[in-house]
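Asker: Generate coordinates for the sequence data below:
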Amino acid sequence: MLLVLLCFFVGISAHAQQAGAAGPAMTIRFLTRDEARSALTEGEGRAYYVGLQLGEMRAKTGLPLQDLSLAEARERVREVYGERTMDFSVEEQAILREAVTNLQPRLLERAPLYARTPWSFIKVAATIEGGMPHTRGDSIVLSDALLSRLVSAHAHAAFDRPSDLWNLLVHEQAHVLERRHPERFTDLYTKVFGFRHVVLGPAPPWMLIRNVVNPDGPVQDWAFPVGEGGARRWLVPEIQLRELDKPRMPEDFELVATPIRARGGIWEYSDQSAPGKTDQLMDYPEFFAKFPIRDELFHPNEIAAGLLAGLITDYGQESPQAALWEQTRRWSSVGLR
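Answerer: Here you go, the predicted model:
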């Protein structure tokens with residue numbers, strides 16, 4: 001999510017190859033403000049707010065949320081997400097439609113599952129989720145600020161790198177696929193990446209208040225092994241808030257590695273003290289050495305989206321760690337058919 005946004009601002013291209021390959025009909029929806037409000041706040045959309053903590057809600061909305069209970073704050077934030085939905089302009093729709101249309105032949109060739117999956121877009125104010133692109137349900141959520149830059153770049157013919165916008169779109173659509181077809185991605189996360197899904201006991205209160213729920217990977221119980229033999233340990237990479245007083249997104253987000261342990265088949269956080277110690281993810285070079293991308297390593301959903309976007313759009317494959325690119329490519333030849 002973070003890397004995608006930064007890459008997007010570098011520049012995007014309308015000089016992409018024209019769609020012409022035979023394949024399934026492409027479906028693109030631009031949700032109206034009312035449709036977007038419903039998608040973000042009703043039905044399955046309500047589940048997102050259940051796990052939010054006060055600090056992250058303040059960071060994600062800018063609201064002080066003073067004198068509210070946690071339940072009241074969650075309900076207020078849910079309302080605000082609905083209030084800050086918007087309608088797409090004609091120009092915004094045209095640019096996104098052109099980009100998806102031009103991307104379709106490549107999807108048909110390299111990842112047909114993408115080509116068979118409808119595209120759905122939601123527009124929101126940049127004052128939620130720090131203005132970062134993300135997904136909810138089957139929709140890609142884009143901020144008005146990002147879309148404004150897109151329109152400006154198009155108007156000034158500053159479209160020199162087609163892979164930038166394509167990378168953003170494929171990355172976010174990967175999260176839609178992960179949500180739709182979780183069973184397809186299990187082998188990628190476990191057999192290729194080396195993660196293990198665990199069921200963790202409750203987080204200690206000191207840790208919980210710094211929690212950040214990733215809308216693209218809300219299930220955080222994915223553990224990664226470090227060390228060999230008897231020295232092997234398991235850690236959970238995740239995002240936590242550094243600042244609780246006046247938190248900002250993403251400036252006050254940090255990547256951490258939380259050690260966990262199994263006791264009698266039940267997993268728990270290793271440090272139950274108050275407050276306990278949380279390691280920085282960068283303190284584990286063996287974790288970083290595994291992956292050829294260096295951002296968004298806090299969840300296998302994000303790692304997968306980054307690698308798949310790179311494979312499909314030829315973006316960011318200059319890293320020398322080529323083994324995982326090839327392993328992911330082999331998986332995608334089956335998993336994305």
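
Asker: low-scoring stretches of the stretch 51-200 of the chain, by residue?
Answerer: Within the stretch 51-200 of the chain, the stretches falling below the threshold (pLDDT under 70) are 157-163.

Asker: again, 90 this time
Answerer: The stretch 51-200 of the chain contains residues with pLDDT under 90 at 66, 152-165.

Asker: show me where it has helices.
Answerer: 54-61, 70-83, 90-110, 112-116, 144-155, 162-180, 182-187 (DSSP state H, counting those that start in this stretch).

Asker: With residue 261 as the reference, name the closest of these.
Answerer: Taking Cβ to Cβ as the measure, the helices of the stretch 51-200 of the chain were each checked against residue 261, and helix 182-187 came out nearest at 23.2 Å. Any C-beta I mention is one placed from the backbone N, CA and C, and that applies to glycine too.

Asker: quick one: which of the helices of the stretch 51-200 of the chain is nearest residue 326?
Answerer: In this view, the helices of the stretch 51-200 of the chain are compared for proximity to residue 326 by Cβ to Cβ, and helix 90-110 is the closest at 14.2 Å.

Asker: Okay, buried residues for that closest one please.
Answerer: 92-93, 95-96, 98-100, 102-108, 110 (16 or more other Cβ atoms under 10 Å).

Asker: returning to what we had before: now the helices of the stretch 51-200 of the chain as TSV including distance to residue 36?
Answerer: As requested, the helices of the stretch 51-200 of the chain are exported to TSV (distance: least, Cβ to Cβ, whole Å):
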stretch	distance to residue 36
helix 54-61	16
helix 70-83	8
helix 90-110	13
helix 112-116	23
helix 144-155	12
helix 162-180	15
helix 182-187	24
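
Asker: Which among these is found nearest to residue 299?
Answerer: Of all those, it is helix 162-180 that lies closest to residue 299, at 10.2 Å by Cβ to Cβ.

Asker: Quick check: buried residues in the closest one?
Answerer: Using 16+ other Cβ under 10 Å as the burial criterion, the residues of helix 162-180 that qualify are 162-179.

Asker: What of stretch 211-229?
Answerer: Within stretch 211-229, the residues that qualify as buried are 211, 212, 213, 214, 215, 216, 217, 220, 222, 223, 224, 226, counting by 16+ other Cβ under 10 Å.

Asker: Tell me if I'm right that the third one and residue 56 touch.
Answerer: Yes: assessed by Cβ atoms under 8 Å, residue 213 is found in contact with residue 56 at 6.7 Å.

Asker: Can you tell me which of the helices of the stretch 51-200 of the chain is nearest to residue 246?
Answerer: Taking Cβ to Cβ as the criterion, helix 54-61 is the member of the helices of the stretch 51-200 of the chain that comes nearest to residue 246, at 7.6 Å.

Asker: which residues sit against the closest one?
Answerer: Contacts of helix 54-61 with the rest of the structure, by Cβ atoms under 8 Å, 6 or more residues apart in numbering, involve 52, 63-65, 70, 73-74, 77, 80-81, 127-130, 209-213, 241, 244, 246-249, 252-253.

Asker: what angle do it and helix 70-83 make?
Answerer: 10 degrees (axes from the mean of the first three to the mean of the last three Cα atoms, to 10 degrees).

Asker: Just checking the distance from helix 54-61 to the centre of its chain.
Answerer: Relative to the mean C-alpha coordinate of its chain, helix 54-61 is positioned 17 Å out (Cα atoms, centre = their mean, to the nearest Å).

Asker: quick one: the strands in the protein?
Answerer: Remark: strands of the chain, listed N- to C-terminal, are 28-30, 85-86, 119-124, 134-136, 139-143, 196-197, 222-226, 233-241, 253-263, 266-269, 279-280; assignment by DSSP state E.

Asker: Ok, which of those comes nearest residue 41?
Answerer: With Cβ to Cβ as the criterion, residue 41 lies closest to strand 85-86 of the strands of the chain, at 8.9 Å.
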